[in-house]
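Student: Generate a structure from the sequence data that follows.
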Amino acid sequence: MVIGGGGSGLAAAVSAAEQGASVILLEKNPELGGTTAWSVGSISATRTPHQRREGIVDTPQAHYEDMELISKKYTTRADNDALRRVLAENVPDTIQWLMSHGVEFFGPLEEAPHRQPRMHNALPNSRSYIYHLRRRAQSIGVKILANARARRLLMSEGRVVGVEFDQPAGAGTMVRASRGVIMASGDYSANPAMKRELISAAVADTAPVNPTSTGDGQRMALEVGAKLLNTDMYLGGARFVPPARPSWISRLPPSRWLMWPTNLALRYAPRSIVRRFVMGFLTSVLVPSHNLYSAGAILINKAGERFADENAKMVFELAYQPDGIAYILMDGELAAKFSQAPHDISTAPGFAYAYLPDYEKNRPDLFHQGNTPEELARSMGIDPGKLAATVEQYNTSATAPASGPPARGQRPQLRTAPFVALGPVRNYINFTDGGLAVNERLQVLDTQDRVIPGLYAAGSSGQGGLLLKGHGHHLGWAFTSGRLAGKYAASAAGA
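Tutor: Sure, this is the predicted structure:
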């Protein structure tokens, strides 16, 4: 029995079925996908066919060591070294396993401080994972129940033996699971009550990327004595709102017959062609760099007002602005600076760096320009006088006011035409990192670090204190932990 139909859940279901187990997968939404379907789609791994083709000599041990370097850039918190090794040593096989089921990867691509190129990106995007694993699951007899929301775990003599779930046609359906239950239901980024209790009220008021990540798995596991780790950790911030219509590139079918020649063409195409292909869909998900603000850009709301310290790690005040949106305003001097290397607006690691012209071309819905603040305001539907006053107040503020956003300080004034605004941007919580404690066999642990028999966890549900900083590690863990959890559950005693 698998709870959750995202990347980790599908990987667990397919893996268990490939070991001969009879598998039922419960997905509360009408469609499969989970948070995986909202991601860019990268996995970082070593010893892949892509690395070997490029003559790259790399090892899981080096990957294990570099993951620590990445984590230390963001936190002093201790990592779960055992699970980090599980990931580094097993993700190469995960890449091969996904490829065997039809996923095409483009790479390997660089990302500092990885010592070698390790990032592999699914073509055309993360939908490829769901498309191919769903087809594989259906072909080997996995029973997929959509609109089936797990309610609670069934216990017998201290062992998890099944799940009670609801469907529109009937509530309280119970299914027994002789080999075990794998919790793969994602995080709690869309559960305001859990975020308020475990993180903060400000995070609770911030919208999630995936509105259905409601922490059901964590809640059900806690009810049977499980332990959560790193409950206060999350990744979030301002990001550009998605386009009203997805780009033609993002709508390409992920079938192997189309993606294989696409991959081959990209492999030998000039860098400029590859960049154009990639930026065509990545500008729909990229996050604006904080370097914009330190260089002098400011955040304004739709009333034309500056409302916060842009240099804060996360501008929580954004959630409370009209419609929860803001715009990044810069003058002509800043616009010219962020139109070329090394000053990028946002980063698509290993692929390319997005500059202002990329947004003007690929996301014209986000690009606004005027020769004066008033002209810019009119193009955005903002009060011209209010925006002009805001810019002038920022330019002339020498000392911090008693309340409101801080003074300009040492940042440059915004006086050079043309004036440019990018947005809207909105605050999002990408994901929370509070996962169930698990051992190296993905078995869930209780508050005394004892195994809860019959219960496994994978992906964000079973993150186990593992620090997954850097690109390609959350998805790498989702598929690797799911694949292993399925394998271990299928071989469990009591089958």
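Student: Give the partner strands of the lengthiest strand in the chain in its sheet and their orientations.
Tutor: When the chain is scanned for its longest strand (criterion: DSSP state E), the result is strand 419-432. The strands beside strand 419-432 in its sheet (DSSP bridges) come out as strand 207-208 (parallel), strand 234-240 (antiparallel), strand 325-330 (antiparallel), strand 367-370 (antiparallel).
Student: TSV for these, including mean pLDDT and mean neighbour count?
Tutor: Yep, even glycine has a C-beta here, placed from its N, CA and C like the rest. TSV is the format used below for these (pLDDT from 0 to 100; neighbours: other CB atoms under 10 Å):
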stretch	mean pLDDT	mean neighbour count
strand 207-208	92	20
strand 234-240	89	20
strand 325-330	96	25
strand 367-370	96	19
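Student: Please identify which of those strands is closest to H114.
Tutor: Closest to H114 of the strands paired with strand 419-432 is strand 234-240 (CB to CB; 18.7 Å).
Student: How far away from the center of its chain is the closest one?
Tutor: 10 Å (CA atoms, centre = their mean, to the nearest Å).
Student: What is the subsequent helix or strand relative to that strand?
Tutor: Note on strand 234-240: by DSSP states H and E, the next helix or strand toward the C-terminus is helix 256-268.
Student: And that next one, what does it pack against?
Tutor: Helices and strands touching helix 256-268, by 3 or more CB pairs under 8 Å, 6 or more residues apart in numbering; DSSP states H and E, are strand 104-109, strand 119-123, helix 271-282.
Student: Next, the angle strand 104-109 makes with it.
Tutor: Taking axes from the mean of the first three to the mean of the last three CA atoms, to 10 degrees, one finds that helix 256-268 is oriented at 20 degrees with respect to strand 104-109.
Student: pull the CA atoms of helix 256-268 into PDB?
Tutor: These are the backbone C-alpha positions of helix 256-268, laid out as PDB (Å, rounded to 0.1, in the frame of the first residue of the first chain):
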ATOM      1  CA  ARG A 256      10.400   8.600 -25.500                       C
ATOM      2  CA  TRP A 257      10.000   8.700 -29.300                       C
ATOM      3  CA  LEU A 258      10.000  12.500 -29.200                       C
ATOM      4  CA  MET A 259      12.400  13.200 -26.300                       C
ATOM      5  CA  TRP A 260      15.100  10.900 -27.500                       C
ATOM      6  CA  PRO A 261      15.800  12.800 -30.800                       C
ATOM      7  CA  THR A 262      15.200  16.100 -28.900                       C
ATOM      8  CA  ASN A 263      17.900  15.100 -26.400                       C
ATOM      9  CA  LEU A 264      20.300  14.000 -29.300                       C
ATOM     10  CA  ALA A 265      19.700  17.300 -31.000                       C
ATOM     11  CA  LEU A 266      20.400  19.400 -27.900                       C
ATOM     12  CA  ARG A 267      23.500  17.400 -27.200                       C
ATOM     13  CA  TYR A 268      25.100  18.500 -30.400                       C
END
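Student: can you pull the buried residues of it?
Tutor: Under the neighbour-count criterion of 16 or more other CB atoms under 10 Å, helix 256-268 has R256, M259, T262, N263 buried.
Student: Where does pLDDT dip in the stretch 101-250 of the chain?
Tutor: 171, 246-250 (pLDDT under 70).
Student: Could you rerun that using 90?
Tutor: 106-107, 109-113, 121, 123-127, 168-179, 236-250 (pLDDT under 90).
Student: Let me see the ranges of the helices in it.
Tutor: All helices of the stretch 101-250 of the chain, identified by DSSP state H, counting those that start in this stretch, fall at 127-139, 192-198, 201-204, 216-223.
Student: Now do the shortest one: which elements does it pack against?
Tutor: Think helix 201-204. Judged by 3+ CB pairs under 8 Å, 6+ apart, the packing partners of helix 201-204 are helix 192-198.
Student: Any chance you could list what contacts the helix it packs on?
Tutor: Here helix 192-198 makes contact (CB atoms under 8 Å, 6 or more residues apart in numbering) with 188-189, 203-206, 215, 218-219, 228, 231-232, 234, 429, 432, 434.
Student: try it again with 6 Å
Tutor: Here helix 192-198 makes contact (CB atoms under 6 Å, 6 or more residues apart in numbering) with Y188, V203, A204, G215, T231.
Student: With neighbour count and distance to N29 as extra columns, can I get the residues you listed in TSV?
Tutor: Below are the contacts of helix 192-198 laid out as TSV (neighbours: other CB atoms under 10 Å; distance: CB to CB, whole Å):
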residue	neighbour count	distance to N29
Y188	31	16
V203	21	23
A204	17	22
G215	24	15
T231	17	24
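Student: Quick check: chain neighbours aside, which residue is closest to P357?
Tutor: S339 (5.7 Å; CB to CB, 6 or more residues apart in numbering).
Student: again with A326
Tutor: Once flanking residues are discounted, A326 sits nearest to L299: 4.7 Å by CB to CB, 6+ apart.
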